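Novice: Provided below for reference: sequence and predicted model.
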Amino acid sequence: TIDYATVAGGTATGGVAPCDAAEDYSDTAGTLQWAHGINTPQNFTVPICPDTDYEGNETVNLQVTNPTGGGVLGTPDTAVLTINDDDPVPATLVVTKIADTNDGGCSSTDCSLREAILAANSTAGSNTITFSSLFNTPQTITLGGDLLLIANPSGADMTTITGPGANLLTVLGNGTSRVFELDGSDQAAISGMTITGGGGGAGTSGTFTGFGGAIYNTGTLTVTGVVIFGNSAGTDGGGIYCSTNDSLTVIDSTVRNNSAPDGGGVYGTTGADVTIIGSTINNNFLAGSPGHGGGGVTGFGTTIIDRSTISTNQSLDDGGGIYIGNGTLDLTNSTVTGNTATLAGGGVYREASGITVTVRNTIIANNVDDGTAPDFFGALNSNGFNLIENTTGSTINEVSGAATITGQDPNLGPLADNGGPTFTH
């Protein structure tokens, strides 16, 4: 004979039959018996408790003990039973803890941010990830060395991660990998959190090491009410990198104190659509050996900046605040001030004659470069109501609206909380 039993240590919850709502299986124990000279395999059953809650696959530990009649236990004398979850992933997943675990499930009482994202990735359909009452007070989720990869089964699916607020939730990359990556052609929206400590590495799940310290985007991404600070990339996009023919929208967010050789704050590569609305891009800088420039924003596709502040960014090359290497720039209702470039275009740098830059109702002033073009380098089309303090190195084409004010200091105050979602001058 030999004794068998379910034992503690698995991820599933056992209990005494009959099943109740909290149990995944019924604890089981007994004895198997063989007649002399018979070695036919014998079976025992572990009753599984049916439910309709998505929990992911869970495990039950099994053990055999106490052989009699000359029987000898082999190795191993334990086994693991996996309960395959056949319940659908719910449309809304709730993060309940700060630990960066991945035990294969996301239950209503035990779910990490990583587990919630993996659950959303595992099935077709759009999902929303929210956060429990634990996050009513400030909490930090520290990643364990690998990024959070959003990879929907279908490009038509949307993953929405709705944080409690940038003052309540911090997701920390811990300097070992970037924090988020959106996989090719997918759609995602991230809001209400602070993203920091991203190291620009791909981790074990991601791609393209060196791009996007906080976020690497190869799909359609909207970021709202997010603070992205203290991230770094080895190549492009210290804060956010947007890939070729993909789309990034940054709304009511702050991107500050990030660094990379190019695009210290935000980098949109060739063909990327980058839109920045109601946001502040400040104190980002270039580190390493820059190939282009752009302490705050670098654009090689369609770049739209509206109702935003580009302030106190630094470039070791051209374009302290904004560098436009290709495509177009539409700059409206914004302030570009206090930025510094080692070479040309302390405020804005337009790389070549084929690039269209349109500016309306915008202040570009008090920026610094090597003297070539402190505020704006190249030609721009003015749609009226602009102030450009120093026009050295600039060509202004007055297209419509009131003529550009030049040679005047706007007397801006310091970057401060003047009302609204981000700091302004």
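Specialist: Looks like it arrived, so ask away.

Novice: contacts and neighbour counts: CA atoms only from here.
Specialist: Noted.

Novice: does residue 320 touch residue 337 like I think?
Specialist: No - look at residue 320 against residue 337 with C-alpha atoms under 8 Å: they stay out of range, at 9.7 Å.

Novice: overlap in contacts of the two?
Specialist: In the contact map built from C-alpha atoms under 8 Å, 6 or more residues apart in numbering, the residues linked to both residue 320 and residue 337 are residue 347.

Novice: compare the two and say which one has the larger neighbour count.
Specialist: Comparing residue 320 with residue 337 by other C-alpha atoms under 10 Å, the one with more neighbours is residue 320, at 43 against 26.

Novice: ok, that one to residue 15 distance?
Specialist: Using C-alpha to C-alpha, to the nearest Å, residue 320 is found at 64 Å from residue 15.

Novice: again with residue 270
Specialist: Residue 270 is 58 Å from residue 15, where distance means C-alpha to C-alpha.

Novice: which one's more surrounded, those two?
Specialist: A side-by-side neighbour count of residue 270 and residue 15, using other C-alpha under 10 Å, places residue 270 first with 18 against 15.

Novice: and residue 116, that's in a helix?
Specialist: Yes - according to DSSP: H, G, I helix; E, B strand; the rest coil, the state of residue 116 is that of a helix.

Novice: start at 49 instead
Specialist: OK, 49 is where the count begins now, so the last one is residue 164.

Novice: what is the burial count for it?
Specialist: Counted with other C-alpha under 10 Å, the burial measure for residue 164 works out to 28 neighbours.

Novice: quickly list what the residue nearest the centre of the chain is bridged to.
Specialist: The residue lying closest to the centre of the chain (C-alpha atoms, centre = their mean) is residue 228, at 3.2 Å. Taking DSSP bridges, one obtains residue 196, residue 263 as the residues bridged to residue 228.

Novice: contacting residues for it?
Specialist: Taking C-alpha under 8 Å, 6+ apart as the criterion, residue 228 is in contact with 195, 196, 197, 198, 262, 263, 264.

Novice: could you measure it against residue 246, distance?
Specialist: Distance check for residue 228 against residue 246: by C-alpha to C-alpha, it reads 9 Å.

Novice: who touches both of those two?
Specialist: Common neighbours of residue 228 and residue 246, using C-alpha under 8 Å, 6+ apart, are residue 262.

Novice: what about the protein, any weak spots by pLDDT?
Specialist: Confidence mapping of the chain against pLDDT under 70 gives the ranges 248-257.

Novice: before we move on, which element is residue 110 in?
Specialist: Secondary structure assignment for residue 110, by DSSP states H and E: strand 106-113.

Novice: can you list the strands that that strand pairs with?
Specialist: Counting by DSSP bridges, the strands paired with strand 106-113 are strand 50-55 (antiparallel), strand 126-131 (antiparallel).

Novice: most neighbours per residue, which of these?
Specialist: Most buried of the strands paired with strand 106-113 by mean neighbour count (mean count of other C-alpha atoms under 10 Å) is strand 50-55; its value is a mean of 18.

Novice: so what touches it?
Specialist: Contacts made with strand 50-55 from outside it, assessed by C-alpha under 8 Å, 6+ apart, are listed as 75-81, 108-116, 119.

Novice: just the buried residues from those, in ChimeraX please.
Specialist: Paste this into ChimeraX to select the buried members of the contacts of strand 50-55, with burial taken from 16 or more other C-alpha atoms under 10 Å:
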select :75,76,77,108,109,110,112
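
Novice: quick check on residue 182: phi, psi?
Specialist: Dihedral angles phi and psi of residue 182 (degrees, to the nearest 10) take the values phi -50, psi -30.

Novice: then residue 302?
Specialist: On the backbone of residue 302 - angles per degrees, to the nearest 10 - the values are phi -120, psi 130.

Novice: contact partners for it?
Specialist: Under the criterion of C-alpha under 8 Å, 6+ apart, the neighbours of residue 302 are 273, 274, 275, 276, 277, 327, 328, 329, 330, 470.

Novice: just send those residues back as a markdown table, with neighbour count too.
Specialist: Converted to a markdown table, these look like this (neighbours: other C-alpha atoms under 10 Å):
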| residue | neighbour count |
| --- | --- |
| 273 | 23 |
| 274 | 27 |
| 275 | 26 |
| 276 | 29 |
| 277 | 25 |
| 327 | 28 |
| 328 | 28 |
| 329 | 30 |
| 330 | 30 |
| 470 | 22 |
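
Novice: with respect to residue 427, which of the residues you listed is nearest?
Specialist: The nearest member of the contacts of residue 302 to residue 427, counting by C-alpha to C-alpha, is residue 329 at 23.1 Å.

Novice: what bridges to that closest one?
Specialist: residue 303, residue 358.

Novice: pretty sure it sits against residue 359.
Specialist: Yes - A contact is recorded between residue 329 and residue 359 when judged using C-alpha under 8 Å, the distance being 6.4 Å.
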